[in-house]
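Q: Following is a predicted model, sequence given first.
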Amino acid sequence: MNAFLRTIDRLSGNLGILAAWIVLPLIFATVYEVLSRYLLAAPTIWAYEIGYMATGANFLLGAAFALREKAHIRIDVFYSHFSEKSKALIDVLGYLFLFLPLGFWLSYRLGFYALDAFATGERSGESAWNPVIWPFRLIFFTGFAVLSLQALVEFIRAVRVLLGTSAEPGAGSGG
């Protein structure tokens, strides 16, 4: 079981690193578009789509890493004052009844969404460039699937806290 937890943590970490590197093409595309538009009076047909796709990929691929590192927004007014077992109980209930069912269902549907876009050769329709959209939809699926797997890992860790068996070194540290 610990190997599974570490594998998902590692996958989330690697996607988080990839998400961080995606910022570079986003910066390049944005700077190039601004210079091209305002200095050369020749706007590009691709920068807008690269921008929203890179931003979306950054967000989606980094979500599991943020969950692993406990960096998602949480309302800590009450939660921070609870004992570790009370926090674990809240986490177990939240993951079990909300996060996991919605995350896995959404991942499942997004997988079909990407496959359908691939099979039909669907294009974005957002600009004159009009690229195929399936790679972006595949990123949607991948981001939500890995986020759901990371949520499963966090659920298992919370259950272990409740059972008093959370002796795994480095749990939640991204190991």
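A: The structure has been received and is ready for your questions. Residues are numbered from 1 along each chain as shown.
Q: Phi, psi for V132 please.
A: When quoted as degrees, to the nearest 10, the phi and psi of V132 stand at phi -60, psi 150.
Q: Show the pLDDT at the residue nearest to it when sequence neighbours are not counted.
A: Sequence neighbours aside, R123 is the residue nearest to V132 in space, at 5.8 Å (criterion: Cβ to Cβ, 6 or more residues apart in numbering). Any C-beta I mention is one placed from the backbone N, CA and C, and that applies to glycine too. Model confidence at R123, expressed as pLDDT, equals 95.
Q: Next SSE downstream of the worst-scoring helix or strand of the chain on mean pLDDT?
A: Across the helices and strands of the chain, mean confidence by mean pLDDT, DSSP states H and E is lowest for helix 76-79: a mean of 82. Sequence-wise, the next helix or strand downstream of helix 76-79 (DSSP states H and E) is helix 84-94.
Q: one step back: could you pull up the residues touching the residue nearest to V132?
A: Under the criterion of Cβ atoms under 8 Å, 6 or more residues apart in numbering, the neighbours of R123 are 130-133.
Q: do you know how far it is from L115?
A: From R123 across to L115, the span is 16 Å (Cβ to Cβ, to the nearest Å).
Q: Count the neighbours of the closest residue to R68 other than its chain neighbours for me.
A: Nearest residue to R68 in three dimensions, chain neighbours excluded: S12, at 4.6 Å (Cβ to Cβ, 6+ apart). S12 has 25 neighbouring residues, counting by other Cβ atoms under 10 Å.
Q: Would you mind measuring from S12 to Y108?
A: Distance, S12 to Y108, using Cβ to Cβ: 19 Å.
Q: returning to that earlier point: next, the residue nearest to V132: phi, psi?
A: On the backbone of R123 - angles per degrees, to the nearest 10 - the values are phi -110, psi 160.
Q: tell me what the biggest helix by length in the chain is packed against?
A: Counting residues, the longest helix found in the chain (DSSP state H) is helix 134-163. With contacts defined as 3 or more Cβ pairs under 8 Å, 6 or more residues apart in numbering; DSSP states H and E, the secondary structure elements packing on helix 134-163 are helix 2-21, helix 47-68, helix 84-94, helix 100-120.
Q: now, of the ones you listed, which is deepest in the fold?
A: Ranked by mean neighbour count, the helices and strands packed on helix 134-163 are led by helix 47-68 with a mean of 20 (mean count of other Cβ atoms under 10 Å).
Q: counting contacts, what elements does that one pack onto?
A: helix 2-21, helix 23-38, helix 134-163.
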